[in-house]
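In: for reference, the sequence and a predicted model appear below.
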Amino acid sequence: MRSVVVGGGIAGCAIAAALRGTPLSRESVILEGGQPGARPDAGILLSPAGLRALGSIAPEFDWRGAGRVVDTVSLRSRAGRVFFERPFEACVAISQRDFTAMLREAARTAGFLGGWTMGGLELEPDGNIRAVRLADGGSLRGDAFFACDGARSRARETMFPQCALGPAVVEEIVTVVDAPEIASELSSSLRRYHDENGGLAIEIVATSSLRVAFTLQFDPSRWRLGSDAPAALCAFLGETVADWAPEVLSLIARIDFGRCQRHQAREISPPAALARGNLVLVGDAAHGALPFTGRGTNDALIDAALLGNLLATARSSEDVRESFARYSELREPQRRRTLQEDVALRSAFLEPIGPGGPRLPVVA
């Protein structure tokens with residue numbers, strides 16, 4: 001049987017790695033829009049649940065040793081005053097580029113087709129998918145289809161047209177900065193600096209002994225960023241956080257704004273299910289988690305590990321559909337909790353900080 005994975009990012013590579021050894025791995029194909037390493041870098045936080053999933057997906061890698069262990073959180077005001085510091089369950093901070101490269105290596109048995117543009121899906125009379133239609137007029141047939149193409153998933157849009165994207169509710173500017181002395185100072189701590197009026201925060205965490213992941217999160221209704229051009233990003237940060245803590249300004253001074261990414265978190269009307277026939281939604285295409293919760297990558301890993309287990313003995317198209325339906329049933333309660341928690345976290349982020357200090361938006 002042939003599996004077709006739509007999207008070659010973290011979710012897509014995790015699925016291809018998880019399918020190894022199953023009947024669906026014999027003709028596994030990943031369709032990806034860009035080329036590996038083409039996007040700027042960012043930092044991600046692998047939660048204990050995500051790390052456990054990786055142990056199932058690709059046990060040959062030392063995932064805990066691939067990044068920097070993080071076991072303490074420090075929440076601070078924009079000027080650097082400490083609201084509180086406390087330990088939390090150890091996670092691993094890692095470069096998104098390094099992590100994706102490792103997953104891609106784990107998925108090397110799959111065929112990668114780069115530079116494609118999805119034109120749509122070809123459906124059978126019974127509603128199952130026959131093939132992915134490409135923009136150049138070609139198509140790729142398959143038996144099982146995995147929608148791993150992110151929050152703006154074209155595959156989800158086709159199969160679940162009621163799942164409309166809402167306006168941006170939180171935006172982020174992310175990058176990774178060469179700053180060995182700041183990485184050393186951070187050690188195993190994740191720091192978040194918050195504007196006391198709410199809706200604006202900066203997070204920094206070391207991903208190695210040399211590099212620090214930087215994330216600016218902001219309310220786009222109060223701080224408007226008109227362009228993604230490097231000069232515009234530089235000016236935006238200069239105007240927005242000019243009076244913040246010295247260590248924050250020191251890190252910003254080292255940013256190469258040509259290597260930044262801008263993310264717009266949009267709410268998604270939830271689909272009726274996470275699978276339909278021989279198509280399954282994975283990662284952000286399924287859950288639509290707001291990125292500042294730190295959960296998107298970990299949800300994708302958990303999805304992939306579960307699907308790998310469910311499909312381990314699949315021998316027919318009917319087995320595939322039953323496995324996908326079971327996955328949807330098992331993951332639906334978590335998807336509902338994700339939506340509820342994201343709404344609560346977003347509200348807490350946008351509101352002024354109360355006497356108890358800011359809420360930590362890491363629930364991965």
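Out: Nice, I can see it.

In: where does this structure dip in pLDDT?
Out: 34-39, 288-294, 361-364 (pLDDT under 70).

In: now name the helix or strand holding the residue lying farthest from the centre of the chain.
Out: The outermost residue of the chain relative to its centre, with distances by C-alpha atoms, centre = their mean, is Pro125 at 34.2 Å. Following DSSP states H and E, there is no helix or strand that holds Pro125.

In: that one and Gly277: what is the separation?
Out: Using C-beta to C-beta, to the nearest Å, Pro125 is found at 12 Å from Gly277. Backbone N, C-alpha and C define where each C-beta goes, glycine included.

In: start to end distance for stretch 53-68?
Out: Separation of the first and last residues of stretch 53-68 by C-alpha to C-alpha, to the nearest Å is 18 Å.

In: contact partners of that stretch?
Out: The contact list for stretch 53-68, computed with C-beta atoms under 8 Å, 6 or more residues apart in numbering, reads 14, 17-18, 46, 51, 92-95, 98-99, 102-103, 106, 183, 188, 205-209, 298, 301-302, 304-305, 308-309.

In: quick check: end-to-end length of stretch 181-200?
Out: In stretch 181-200, first residue to last residue: 25 Å (C-alpha to C-alpha).

In: wait, stretch 76-86
Out: For stretch 76-86, the end-to-end distance is 12 Å (C-alpha to C-alpha).

In: list the buried residues for it?
Out: Arg76, Ser77, Arg78, Phe83 (16 or more other C-beta atoms under 10 Å).

In: next: stretch 138-146.
Out: Leu140, Gly142, Asp143, Ala144, Phe145, Phe146.

In: got the end-to-end distance for that stretch?
Out: 19 Å.

In: identify the residues contacting it?
Out: By C-beta under 8 Å, 6+ apart, stretch 138-146 touches 1-6, 12, 15, 24, 29, 31, 113, 121-122, 129-134, 155, 278-280, 282, 307, 311, 317, 320, 324.

In: show me where the chain has helices.
Out: 10-18, 48-57, 96-106, 154-159, 180-186, 230-240, 246-252, 284-287, 296-310, 317-350 (DSSP state H).

In: between those helices, which one is nearest to Leu165?
Out: Comparison of the helices of the chain against Leu165 by C-beta to C-beta identifies helix 154-159 as nearest, at 8.8 Å.

In: who are the packing partners of the closest one?
Out: Packing contacts for helix 154-159, counted by 3 or more C-beta pairs under 8 Å, 6 or more residues apart in numbering; DSSP states H and E, involve strand 118-123, strand 144-147, strand 279-281, helix 284-287.
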